[in-house]
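J.: sharing a model that was predicted from the sequence below.
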Amino acid sequence: MRKTMAMAVVLLVWCGSAWAKELQVGFVYVSPVGDAGYSYAHDQGRLALEAMGGVRTSFVESVAEGQDAERVITTMARKGYDVIFATSFGYMDPTLKVAKQFPNVKFLHCSGYKTAPNMANYFGRMYQARYLTGMVAGAMTKGNLLGYVAAFPIPEVIRGINAFALGAQAVNPKAEVRVVWTKTWYDPAREKEAAKSLLDAGCDVIAQHQDSPATQEAAQERGVYSIGYNSDMAKFAPKAHLTAAVWNWAPFYKEMIRQIQAGTWKADAYWWGMDRGVVDIAPFGPMVPEGVRAQVLAAKEAIVKGENNIFTGPIKDQKGVERVAAGVTMTDAELLAFNWFVQGVVGTLE
Amino acid sequence: MALVVRKRREPLPWWGSCLIFLAAVALALGGGGAMLALQGKPALAGLSVLIGSAVGSLWAVEDCVLKAIPLFLCAVGVGLSFRMAVWNIGAEGQFALGAVGATWVALSLDHLPAAVLLPFMGLAAAVAGGLWAGVAAFLRALLGANETIVTLMLNYVGILVLEFLVFGPWKDPASFGFPMTAEFVPAAILPALPGTRIHWGLVLCGVVGVAVTLAMRSSRLGFEITVCGQNPAAARYARMPYGALMAVVLVAGGALAGLAGFVEVSAALGRLQPSIMTGYGYTAIVVAWLSGLRPLGVAGVALVLAALRVGLESLQLDFQVPAAFGGMMEGTMLLVVLAGSFFSRYQILRRPA
């Protein structure tokens, strides 16, 4: 009896110490996690952490950028969270502010450019997946007119459009990409209207950058094709959805937590690509013919092997002026500040 | 026993309204607890987190006050025009223009010391917000255009003006193409009150609250505004300048929303970027409506709504309740409080035998 009690005490103490060492990880999302979009993708990564052991996670969703974000991040730090992932660009300044006040908490900010001794920034090379989806779109269009329902004219989005256009041109030199800006991240009504305006202009494959599947639905209603984003959007428009450029945050988040647990983590700027599985394309829809699939998968292999860096010259801008000389690859700094369209993109940067 | 409903002969004293409001809040919280239980979450623990993280510590109280400051300024302005039955629902756009005005001063006069720069920023914000609301006053006076529609539409235009500036001429060249201005110089940041995290916007709220209360209670202007709100025909008959008064309430309301924009852009963001627009102007309409349109009431309701939002974040964090639950709680509270206002105008009596 005494032995059992002693064992129970030991077990309790052991559990207690394990509890104490358990890493508390908080996520801050800009939109609801149920949207099949950007925050959903991050939350899938969070759930992968839960399976790791020694990690406890939680999140706050629909947090506005600005004062609200600062408060939520501060609350997490005060409640004893060890690691905080702030997953939207507008959280950059608030995260930095809080990071300075809580030097023992580790902060990781997604899609920005600032770092601090305890604050890293990270993102994925989504343009690699965009390029591949562009190839699919370029191969499937009949009128050589592709549409792109774009979010905000910022480098991330511009980079995606350019990669999409280059991918399309790689298989179909006549392909042209029309761009409309919705200036929204999540506004299904507005995004659907924008998608319809592209369909009215004659586009027969449309892609998107927002979190809602409105563009997919618009394409299906008109009986044309679409390219999804963030996660596999096939279930919203099974007849239209060719493929999607998708996020897969699990490998990155797991690696960060592993390094933090091992004490080897550094507050760097991380920009992982397809080779490490952070970005990918969704399974092809049944309408994509075998030849196209093979071509795209071959290109994917070249990207993974580092043989195709996508933004390698010669690349001309909309006016036909050569911006990247033959054989030269754009640097990461140039990619992060992308503020011009490549040739074949029709639209303005406003 | 039969009951009858009768209109109150005498208005309910202020503590009566307070009591009704608090009872309604308690009822709404009870409803919230029931909704938590429906999701399979511990209702009592949830409510205690909700309340504890909103008012349970000095930090929490500071958070609530910070969140309530812009709401208060916008809602006092909105309430001013509502008392004249002029429907200014354009606080959102006026807030945007205020932020733009303050930013313009912060960026172009950044060599000035804080003691000069900050008042200038506030002034520019008030003028910009006031002029934006003035457009609606002007169109109504000149063309009889409905101010509800005009102020609403000007919200969209105002936000586009802000976006045009941060995507265009004011874009920080060092921002990698992201739409935002350069960070303000330290002199353009509203400092915190000594010993707290709360900034000087709170003092501004106090000044505004006292000024509006005094003006409405003991000036001719305030009297005329009240009369015009209750009976425009009688007011015109008494030769009160209806059009001029309408312009005054609209412009003053716009100026106050503009000040809220100044406070937010300076103290909360430290630079102008589109994410400054988080709907304070729209929430202010709810706040004004719930508060009985008086500054003291506005302060109370703004604090309660702010506390609710702050508490709901902790509720999400601790119990993983979806964010939509916050909207449901807020909606419940709005409904219950509005329904409760029935009791401030009517009383239920036992029918005399």
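T.: Thanks, I have the structure now. Numbers count the residues shown, from 1 in each chain, chains lettered A, B, ... in the order given.
J.: from here on, just use CA atoms for contacts and neighbour counts.
T.: OK.
J.: check contacts around whatever residue of chain A ends up closest to chain B.
T.: Going by CA to the nearest CA, chain B is nearest to A:A337 of chain A, at 4.5 Å. Applying CA atoms under 8 Å, 6 or more residues apart in numbering or on different chains, one finds that A:A337 lies in contact with A:P155, B:F176, B:G177.
J.: of those - the most surrounded one?
T.: Among those, the one with the most neighbours (other CA atoms under 10 Å in any protein chain shown) is B:F176, at 21 neighbours.
J.: for the residue nearest the centre of chain A, what are phi and psi?
T.: Using CA atoms, centre = their mean, the residue of chain A that lies closest to the mean C-alpha position is A:W247, 4.9 Å off. Dihedral angles of A:W247 (phi, psi; degrees, to the nearest 10) stand at phi -90, psi 150.
J.: in chain B, which spans are strands?
T.: Taking DSSP state E to define them, one finds strands in chain B at B:3-7, B:346-350.
J.: so which of these is nearest B:G93?
T.: Closest of the strands of chain B to B:G93 is strand B:346-350, at 36.8 Å (criterion: CA to CA).
J.: where in the stretch 251-353 of chain B is pLDDT low?
T.: B:353 (pLDDT under 70).
J.: pick out the residue of chain B closest to chain A.
T.: Counting by CA to the nearest CA, chain B gets nearest to chain A through B:F176 (4.5 Å).
J.: return the residues in contact with that residue.
T.: A:P155, A:L336, A:A337, A:F338.
J.: a markdown table please, covering those residues and showing pLDDT and secondary structure.
T.: Formatted as a markdown table, the contacts of B:F176 follow (pLDDT from 0 to 100; DSSP: H, G, I helix; E, B strand; the rest coil):
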| residue | pLDDT | secondary structure |
| --- | --- | --- |
| A:P155 | 91 | helix |
| A:L336 | 89 | helix |
| A:A337 | 88 | coil |
| A:F338 | 92 | coil |
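J.: just the CA atoms of the lowest-mean-pLDDT helix or strand in chain B, as CSV, please.
T.: The weakest-scoring helix or strand in chain B, judged by mean pLDDT, DSSP states H and E, is helix B:342-345 (a mean of 80). In CSV, the C-alpha atoms belonging to helix B:342-345 read as follows (Å, rounded to 0.1, in the frame of the first residue of the first chain):
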residue,chain,number,x,y,z
PHE,B,342,-38.7,49.8,-22.3
PHE,B,343,-38.7,49.8,-18.5
SER,B,344,-37.2,53.3,-18.4
ARG,B,345,-40.1,54.7,-20.3
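J.: what's that helix packed up against?
T.: helix B:14-38 (3 or more CA pairs under 8 Å, 6 or more residues apart in numbering or on different chains; DSSP states H and E).
J.: show me where pLDDT drops low in the chain?
T.: All of this refers to chain A. Using pLDDT under 70, the flagged stretches of chain A are A:1-20.
J.: sorry, I should have been clearer: chain B.
T.: Residues of chain B that meet the criterion pLDDT under 70 lie in B:1, B:353.
J.: tell me who's in contact with A:V83.
T.: A:V83 neighbours (CA under 8 Å, 6+ apart): A:L23, A:Q24, A:V25, A:G26, A:V105, A:K106, A:F107, A:L108.
J.: thought the first one was touching A:V105?
T.: No - under the contact definition of CA atoms under 8 Å, A:L23 does not touch A:V105, with a separation of 11.0 Å.
J.: which residues are common contacts for the two?
T.: Counting by CA under 8 Å, 6+ apart, the shared contacts of A:L23 and A:V105 are A:Y81, A:D82, A:V83.
J.: tell me the spacing between the second one and A:F27.
T.: By that I understand A:D82. 11 Å (CA to CA, to the nearest Å).
J.: higher neighbour count, the two?
T.: A:F27 (23 against 19).
J.: I'd assumed the more buried one was in a strand, is it?
T.: Yes - assessed by DSSP: H, G, I helix; E, B strand; the rest coil, A:F27 belongs to a strand.
J.: distance of it relative to A:G273?
T.: Distance from A:F27 to A:G273, by CA to CA: 22 Å.
J.: go on, B:V310?
T.: To A:G273, B:V310 is 37 Å away according to CA to CA.
J.: and these two? Which one has more around it.
T.: Taking other CA under 10 Å, B:V310 and A:G273 do not tie; B:V310 has more neighbours (26 against 20).
J.: so the more buried one is in contact with B:S53, correct?
T.: Yes - if you go by CA under 8 Å, B:V310 and B:S53 touch, sitting 7.2 Å apart.
J.: one step back: now do the least confident helix or strand of chain B: distance to the chain's middle.
T.: 24 Å (CA atoms, centre = their mean, to the nearest Å).
J.: circling back: export the contacts of A:A337 to a markdown table and tack on distance to B:L12?
T.: Shown next, in a markdown table, are the contacts of A:A337 (distance: CA to CA, whole Å):
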| residue | distance to B:L12 |
| --- | --- |
| A:P155 | 59 |
| B:F176 | 59 |
| B:G177 | 57 |
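J.: tell me the one among those nearest to B:M84.
T.: Taking these together and measuring to B:M84 by CA to CA, the closest member is B:G177, at 45.3 Å.
J.: residue contacts, that closest one?
T.: Counted by CA under 8 Å, 6+ apart, B:G177 has contacts A:I154, A:P155, A:A337, A:F338, A:N339, B:K171.
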